[in-house]
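**Q** sequence-free structure coming up:
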């Protein structure tokens, strides 16, 4: 489900980037057409994905090497979540629009309320009615639906800073193509990177029940921790896109460096918490001492990665805002399949086997990605400098 959500989030970045650029250019009518095209694209996508995931839920669970005793619960969870994909997609589309506007407060309010609804739903469906995994999935879907309806109410009340009506909801050829052009590379990269995490999870599942449970606990925490650099990346993409639309390229670069600085402060804090006090964090999800220690062992590697993702995700946000999403896809795939998976496999075979060694594949991958990003940034800067020099020479003549 994380992989599916990442696919959706990646595609909605196409809306975020293009909307930000149009607002930066001051073209408010075109901004409305961008949103209308995005809604049309994702309406079809919601229908297709729902059918596919519901039908192939058993195959997905088996592919993930879910333990036999948990197979039926896994299938049930996947199918219930898939039934609510319309809400998941709607929420992400609305989030993409808000990000494009530079509005972070509205999604915060709706998600905050949705989280409360999710917790209450878990307590009722799992705690009272003992619905286990199915109850957890149902609570998640209800929470997502709540966030969608709240977002729509707030949009209706506050309005949007561009021209929009029902007439805008159709496929506008140039904008549909650009949304797909920007969004597909990001989505493909997100999906493939998440698939690499699934492969690592499969490697962990093959190491025994304790290792599997430990990785499961650690991944919950990692999902939360990674929200921080992802948030900075998305914010960077929005401001860079708006500045690019306004042709303020130097200011866009300043956004990148400010973003890295702020994200790195958070990264240092998360490194300290996960590396030195990961057992306390893991203890929130399990009371089994062996599982806690296994999870902490795996989490330490991600603690190291917190320092690197602060830089890498900020640079990815910058390139996304510039519209260089194909490069973002390429560096992500290289990191995942040329570094992360091979290193994790090799580490799983080295004696003594430890989850920390397996987890080190992630920071190794991030380091390679940073090198690629820095190289591409230098390349673009030199290319821009040459272009400016040529324009100045022509103007002098």
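**A** In hand now; what should we look at? Here the structure is a predicted model, which is why all the values come from computation and not from measurement.

**Q** quick one, domains of this protein?
**A** Domain segmentation of the chain under automatic domain parsing yields 1-169, 207-385.

**Q** residue 200: which of the ones you listed is closest?
**A** The closest of the domains of the chain to residue 200 is domain 207-385. By Cβ to Cβ, the value is 4.8 Å. C-betas here are computed from N, CA, C, even on glycine.

**Q** so where's the protein uncertain?
**A** Applying pLDDT under 70 to the chain picks out residues 388, 390-397.

**Q** sorry, back to before: now the domains of the chain in JSON lines, with mean neighbour count and distance to residue 200?
**A** Converted to JSON lines, the domains of the chain look like this (neighbours: other Cβ atoms under 10 Å; distance: least, Cβ to Cβ, whole Å):
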{"stretch": "domain 1-169", "mean neighbour count": "18", "distance to residue 200": "12"}
{"stretch": "domain 207-385", "mean neighbour count": "19", "distance to residue 200": "5"}
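
**Q** so can I have CSV of those domains showing distance to residue 197?
**A** Listed next are those as CSV, based on distance: least, Cβ to Cβ, whole Å:
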stretch, distance to residue 197
domain 1-169, 8
domain 207-385, 8
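
**Q** looking at those domains, which is nearest to residue 186?
**A** Minimum separation from residue 186 across those (Cβ to Cβ) falls at domain 1-169, 4.0 Å.

**Q** gap between the two ends of that closest one?
**A** 28 Å (Cα to Cα, to the nearest Å).

**Q** which residues touch the helix or strand hosting residue 109?
**A** Taking DSSP states H and E as the definition, one finds residue 109 inside helix 105-122. For helix 105-122, contacts defined as Cβ atoms under 8 Å, 6 or more residues apart in numbering pick out 94-95, 98-99, 135-136, 138-140, 142-144, 146-147, 150-151, 154, 158.

**Q** quick one: which of the residues you listed sit in strands?
**A** Residues of these located in strands (DSSP state E): none.

**Q** which ones among these lie within helices?
**A** If you go by DSSP state H, the contacts of helix 105-122 have 94-95, 98-99, 135-136, 138-140, 142-144, 146-147, 150-151, 154, 158 in helices.

**Q** list the contacts of residue 234.
**A** Contacts of residue 234 by Cβ under 8 Å, 6+ apart are 13, 16, 99, 317.

**Q** separation between it and residue 265?
**A** 18 Å (Cβ to Cβ, to the nearest Å).

**Q** then residue 179?
**A** 33 Å.

**Q** among the domains of the chain, which is nearest residue 201?
**A** In terms of Cβ to Cβ, the element of those nearest to residue 201 is domain 207-385, at 6.0 Å.

**Q** nearest to residue 199, out of the domains of the chain?
**A** Short answer: domain 207-385, nearest of the domains of the chain by Cβ to Cβ, at 5.3 Å.

**Q** give me the distance between the two termini of that closest one.
**A** 52 Å.

**Q** so how far is that domain off the chain centroid?
**A** 11 Å (Cα atoms, centre = their mean, to the nearest Å).

**Q** just say helix, strand or coil for residue 171.
**A** Under DSSP: H, G, I helix; E, B strand; the rest coil, the three-state class of residue 171 is coil.

**Q** nearest residue to it in space, please, no chain neighbours.
**A** residue 40 (5.1 Å; Cβ to Cβ, 6 or more residues apart in numbering).

**Q** gap between the one you found and residue 167?
**A** 12 Å.

**Q** let me see the contact set for residue 207.
**A** Contacts for residue 207 (Cβ under 8 Å, 6+ apart) come out as 348, 353, 355.

**Q** what's the separation between it and residue 113?
**A** Residue 207 is 40 Å from residue 113, where distance means Cβ to Cβ.

**Q** which single helix of the protein contains the most residues?
**A** helix 361-396.

**Q** that one: how far from the chain's middle?
**A** With Cα atoms, centre = their mean as the basis, helix 361-396 stands 24 Å off its chain's centre.

**Q** just list what it packs against, helices and strands only.
**A** The helices and strands touching helix 361-396, judged by 3 or more Cβ pairs under 8 Å, 6 or more residues apart in numbering; DSSP states H and E, are helix 289-322, helix 325-333, helix 341-349.

**Q** skipping adjacent residues, who's closest to the residue nearest in space to the middle of the chain in space?
**A** Compute the mean C-alpha point of the chain, and by Cα atoms, centre = their mean the closest residue is residue 6, 5.1 Å away. The shortest distance from residue 6 to any residue other than its chain neighbours is 3.8 Å, reached at residue 190 (Cβ to Cβ, 6+ apart).

**Q** and that neighbour, what helix or strand is that in?
**A** helix 173-205.

**Q** now do residue 234
**A** helix 227-245.

**Q** quick one: list the elements packing against the following helix or strand past that helix.
**A** Next helix or strand after helix 227-245 toward the C-terminus (DSSP H and E): helix 249-282. If contacts are counted by 3+ Cβ pairs under 8 Å, 6+ apart, helix 249-282 sits against helix 209-225, helix 227-245, helix 289-322.
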